[in-house]
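Visitor: got a predicted model here, sequence first, then my questions.
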Amino acid sequence: MKVKDFLDIGANVGIIAGLILVGVQMQQNSDLLKTQLLFEEGLSYVQLEQTFIGENAAAIWAKSMGSPVDLTLEERRVIEGYLWSYLESWKTLYRLHELGLIGNEWRTRVESDAAFVFGSIYGRGWWIRYAANNTNPRELNELISESVQRSPNGTMDYFDSVTKEVVLENTKTHPEERTE
């Protein structure tokens, strides 16, 4: 073999390697585009739902904790927007996990938030009704249901625990205001 033959072989190998690299880059760009579209789809849905929430969301949310059967149709729609927004966020995280772009962070987020989000009478009722007929991934549905079952009153349990800590801190810093 002559030097020219080795150069030709080297050039051909270089061309093949270049084509393989271009193919890999195209696949990565395709994956990035899918990820971006997935994120934007989830975000647009959350933004749409949040347009229903409006300015009095906190008062309506608090009412749903104490008097869920007294909610008006308009107030129920506000709470629906709140619940849907969380659910869509979790679904987006799950999809990112399925694509291999994130690890189990989605599980951590759902486990830490689901009992709070659905941990009220209205939230549990909504989840039970929704979970019966949805197209979410089974793993996501099961994780939400398990979280809610572990702490069915997660919302008020959380606020009660915060209140206890606030009272404890207050008695440390202002012992003269101690209440029995």
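Guide: Happy to help now that I have it.

Visitor: for Gly154, give me its contacts.
Guide: Residues counted as contacts of Gly154 (Cβ atoms under 8 Å, 6 or more residues apart in numbering) are Ala114, Ala115, Phe116, Phe118, Gly119, Ser120, Ser147, Val148. Just so you know, the C-beta spots here come from the backbone N, C-alpha and C atoms, and that holds for glycine as well.

Visitor: how about the secondary structure of the fifth one?
Guide: This points to Gly119. At Gly119 the chain is in coil, as set by DSSP: H, G, I helix; E, B strand; the rest coil.

Visitor: show me what the helix or strand harbouring Arg124 is packed up against.
Guide: Using DSSP states H and E, Arg124 sits in helix 121-132. Packing partners of helix 121-132 (3 or more Cβ pairs under 8 Å, 6 or more residues apart in numbering; DSSP states H and E): helix 57-66, helix 73-98, helix 138-150.

Visitor: change it to 7 Å
Guide: When contacts are defined as 3 or more Cβ pairs under 7 Å, 6 or more residues apart in numbering; DSSP states H and E, helix 121-132 packs onto helix 73-98, helix 138-150.

Visitor: tell me which residues are up against the shortest one.
Guide: With contact meaning Cβ atoms under 7 Å, 6 or more residues apart in numbering, helix 138-150 is reached by 90-91, 94, 107, 110-111, 114-115, 118-119, 124, 127, 131.

Visitor: save these as TSV, and put in neighbour count too.
Guide: As requested, the contacts of helix 138-150 are exported to TSV (neighbours: other Cβ atoms under 10 Å):
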residue	neighbour count
Trp90	22
Lys91	21
Tyr94	20
Arg107	16
Val110	24
Glu111	15
Ala114	25
Ala115	23
Phe118	27
Gly119	23
Arg124	18
Trp127	22
Ala131	15
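
Visitor: list just the nearest of those to Leu7.
Guide: If you rank the contacts of helix 138-150 by distance to Leu7 using Cβ to Cβ, Tyr94 comes first, at 52.1 Å.

Visitor: Phe6 sits in which helix or strand?
Guide: Secondary structure (DSSP H and E) places Phe6 in helix 3-53.

Visitor: give me the below-cutoff pLDDT ranges for the protein.
Guide: 37-39, 41-52, 177-180 (pLDDT under 70).

Visitor: try 80 this time
Guide: 1-8, 19, 22-24, 26-56, 176-180 (pLDDT under 80).

Visitor: grab the most central residue of it for me.
Guide: Trp90 (2.6 Å; Cα atoms, centre = their mean).

Visitor: pretty sure that residue is touching Val110, no?
Guide: Yes - with contact defined as Cβ atoms under 7 Å, Trp90 counts as touching Val110 (5.2 Å).

Visitor: no further queries at this time; thank you.
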